[in-house]
Structures are given as structure tokens and as C-alpha cells.
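Student: how would this look folded up:
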Amino acid sequence: MTGAVLTEAATTARPPRRRGGRRRRTTMWVWLFLAPTVVLYGVFTVYPIVGSYWYSLLDWDGFTTTKTFVGLANYREVWHDPLFWQAFWHTLLFMLVTVPAQVILSLLAAILLNSPKMPLSRVFRTALFLPVATTTAIVGIVMQSIFDPANGPVNLFVQKLGFDGGINFLGSSHTSLWTAMAVYVWKWLGITLIYWLAALQTVPRDLYEAGSIDGAGPVQLFRHITVPLLKPFTIIITLLSLEASLHVFDLIQTMTGGGPFYSSEVLEIYIYRWAFGATVPRLGYASAAAVIFGLFVFVIGILQLLGVRAARRTGVGS
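Tutor: Numbers count the residues shown, from 1 in each chain. Alright, predicted model coming up:
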């Protein structure tokens, strides 16, 4: 009797051990498949970030073996450089202009394309999303031809409106940055449109029908139904757009190169210019500027985290 009980106890005790072993093997295979990604991420992302902090303390051109430790001298020089603060202002202005324009225009487009009465809505969705799938560098090169002051289609149209000689959109310090902003909004409007279309799918159609029966018009439906229910999504979409607007190196570099006379230079172009574009590169100085820019991006990331938590408290993800 006692032997049968012990045998039964041993039998029932085996599956947990097998399950534990299976779990360990699964974990081992997961880490094995993740290993290439972890290694590549460490080599090409983590190591350069850590290295930039060390390089920012050196006077080094990035090519020779001569490295002189200068402490915080690079940071002091960056801090007192008016061109750095001009690039910082351009970066901030780019963000403050493009994000509201992108969010608002894509929301209006999403409301139109989400309506069942809108004809050819799928065609328009595809047309608006196509620029997103196009390489940004190619977009910048094509825009140089489109905004060409002599034979570009935009200037040909402007001349027909009565502006003799056209407008040098990319060659004027008054218009270069604003032209890049307009192209950026057009380029990435489609991705924000997808976010809004997904958010609008969460709004019950019955609410619109009930509001229409009560006599509410399109403006009232938008104000009293759409806006309150999309508030959590608005926080997330706005923060995603804020972070994306800080990374415009490829577009600015191919369209204007930061010119003319640094009028469209953002922080990414400023860092690139000192690291690779200068006659005598200064990798240590560029690293100091990059660290300061990284801290600014870090603050935006913290705001994004706080915004996501606020969105969850108001309904998203709950």
C-alpha cells in the first residue's frame, strides 16, 4: 500500500520537472535567436552612444591617433557657439510648426476618408501613404528639381501667378527652412493618417447615428463625440510625431544641406558638419553637441512616457 502511494507520488511529480526543463529549453532557444540582434544592437547602438560621451571629453579629429583630454572644454565651446543655438532654435521651430500641422491635417483627412459616404476612399488613402514608403533621401533630391528656381514646376506656376522671376524656395534664407517643413509634413502625413484611422475605428458608429437622429450636425458630432473619445489617442499621436520631427537629417541634408548661410541648419546637420563636413573635422566637439542633443531627445522621451501613462488613465490600454 505504501509502495503504491510512493509510486503514484513519484509519477505525479515528474511532469512539473519536465515542464520546468521544457521552459528552460524554450528560454535558451529564445535567447539564442535574440543573440544576433542583441550583439548588433550593442555594437552599432549602445557602443556608439557610450563612446560619444568619452569622445566629447577629447580634442580629436576622428582620424589620427592623437587624442587630447580636454574635459568639459568642448561643452563650454558648444554652449557659447551662436550657430549651435541657431540650429537648436531651428530644430525647436521645426517641431513646433510641423507637429501641429501634421496632426491636424491628418486628422481632418482621416475623418473624411473614414466616412462611408466618401468615394474612392481607399485610393486616397493609398495616395497619401505613398510618400511614407518612399525613401526620404530620394524625396529630398526630387524636391530640389521641383523647387528649382529656373525650371521647377512650382516656380513655373508661381510665375504664371504674376511673380516675375519666381521664388528661390531652397536658395533663400527666408524660405528654405519653411519649404523643408512643408515637404516634411507632406512626406509623413500618411503615417499619422494611419494612426488616426485606427483611432477612429474605436468610435462606435451608433453614437454618430444617435447624434444625427437628435439633430446634431457634422461640427457638433465632431465636437461632442469624436474629440472627447479621441483625446487619449491625441496624446499618443502627438508625442510620436514630436519625437519623429527631431530626426530630419536625411531630408534637410538632401534638400538644402543646412543652407543657405545656415538658415535651415538643424542640430543633426550641425553635428554632421563638425564631425564630417568641416575642413578639419572635430569629432570630440561634434560628440559634445550630440550629447546635448541627446539630452534634449531624452526629455522628449520622458514626456512621451508621461503622455502614454496619462492616455492609459483616460482609457487607452485599460
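
Student: all helices of the stretch 201-318 of the chain, in order?
Tutor: 205-213, 218-221, 227-244, 249-255, 267-272, 283-313 (DSSP state H, counting those that start in this stretch).

Student: and among the ones you listed, the most buried is which?
Tutor: helix 267-272 (a mean of 23; mean count of other Cβ atoms under 10 Å). Using the backbone N, CA and C atoms, a C-beta is placed for each residue, glycine as well.

Student: now that helix: how far from the chain's centre is it?
Tutor: Relative to its chain's centre, helix 267-272 lies at 17 Å (Cα atoms, centre = their mean, to the nearest Å).

Student: turn the helices of the stretch 201-318 of the chain into TSV, including distance to Ala110 and mean pLDDT.
Tutor: As requested, those are exported to TSV (distance: least, Cβ to Cβ, whole Å; pLDDT from 0 to 100):
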stretch	distance to Ala110	mean pLDDT
helix 205-213	15	78
helix 218-221	14	78
helix 227-244	10	87
helix 249-255	23	94
helix 267-272	29	94
helix 283-313	18	86
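
Student: and these: which comes nearest Pro131?
Tutor: Relative to Pro131, the nearest member of those by Cβ to Cβ is helix 249-255, separated by 11.3 Å.

Student: coming back round to it: and the helices of the stretch 201-318 of the chain: which comes nearest Leu130?
Tutor: Leu130 lies closest to helix 249-255 among these, at 16.3 Å (Cβ to Cβ).

Student: packing partners of the closest one?
Tutor: Where contact means 3 or more Cβ pairs under 8 Å, 6 or more residues apart in numbering; DSSP states H and E, helix 249-255 is packed against helix 136-146, helix 176-200, helix 267-272.

Student: nearest to Trp54, of those?
Tutor: Comparing those under Cβ to Cβ, the one sitting nearest is helix 267-272, at 16.2 Å.

Student: please enumerate the helices of the stretch 51-200 of the chain.
Tutor: Counting by DSSP H, counting those that start in this stretch, the segments of the stretch 51-200 of the chain that form helices are 73-79, 82-114, 121-133, 136-146, 153-160, 176-200.

Student: if you count neighbours, what's buried in the second one?
Tutor: Just to be clear, that refers to helix 82-114. Of the residues in helix 82-114, 84, 87-88, 90-91, 94-95, 97-99, 101-103, 105-107, 109-111, 113-114 count as buried by neighbour count, 16 or more other Cβ atoms under 10 Å.

Student: measure Thr130 to Arg23 for me?
Tutor: For the record, residue 130 is Leu, not Thr. 46 Å (Cβ to Cβ, to the nearest Å).

Student: pLDDT at Tyr47, what is it?
Tutor: Reading off the confidence values, Tyr47 has pLDDT 90.

Student: got the angle for the one helix or strand it maps to vs helix 283-313?
Tutor: Counting by DSSP states H and E, the element that carries Tyr47 is helix 47-55. Using axes from the mean of the first three to the mean of the last three Cα atoms, to 10 degrees, one finds that helix 47-55 and helix 283-313 are set 130 degrees apart in direction.

Student: nearest residue to Asn114 in space, please, no chain neighbours.
Tutor: Counting by Cβ to Cβ, 6 or more residues apart in numbering, Asn114 lies nearest to Leu200, which is 4.6 Å off, once chain neighbours are set aside.

Student: what's the neighbour count on the one you found?
Tutor: For Leu200, the tally of surrounding residues (other Cβ atoms under 10 Å) stands at 18.

Student: ok, and what's touching the helix holding Tyr47?
Tutor: Among residues not part of helix 47-55, those counted as contacts by Cβ atoms under 8 Å, 6 or more residues apart in numbering are 283-284, 287, 290-291, 294.

Student: picking up where we left off before, okay if I get the helices of the stretch 51-200 of the chain as CSV plus distance to Val43 and mean pLDDT?
Tutor: What follows is the helices of the stretch 51-200 of the chain, written out as CSV (distance: least, Cβ to Cβ, whole Å; pLDDT from 0 to 100):
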stretch, distance to Val43, mean pLDDT
helix 73-79, 25, 94
helix 82-114, 28, 94
helix 121-133, 29, 89
helix 136-146, 24, 92
helix 153-160, 44, 86
helix 176-200, 29, 94
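
Student: what's the closest of those to Leu306?
Tutor: For the helices of the stretch 51-200 of the chain, proximity to Leu306 was assessed by Cβ to Cβ; helix 82-114 is nearest, at 16.7 Å.

Student: show me what the closest one is packed against.
Tutor: In terms of contact count using 3+ Cβ pairs under 8 Å, 6+ apart, helix 82-114 is assigned the packing partners helix 121-133, helix 176-200, helix 227-244, helix 267-272, helix 283-313.

Student: quick one: contacts of the third one?
Tutor: Around helix 227-244, the neighbours that count as contacts under Cβ under 8 Å, 6+ apart are 95, 98-99, 102-103, 188, 192, 195-196, 199-200, 202-203, 207, 297, 300-301, 303-304, 307-308, 310-312, 314-316.
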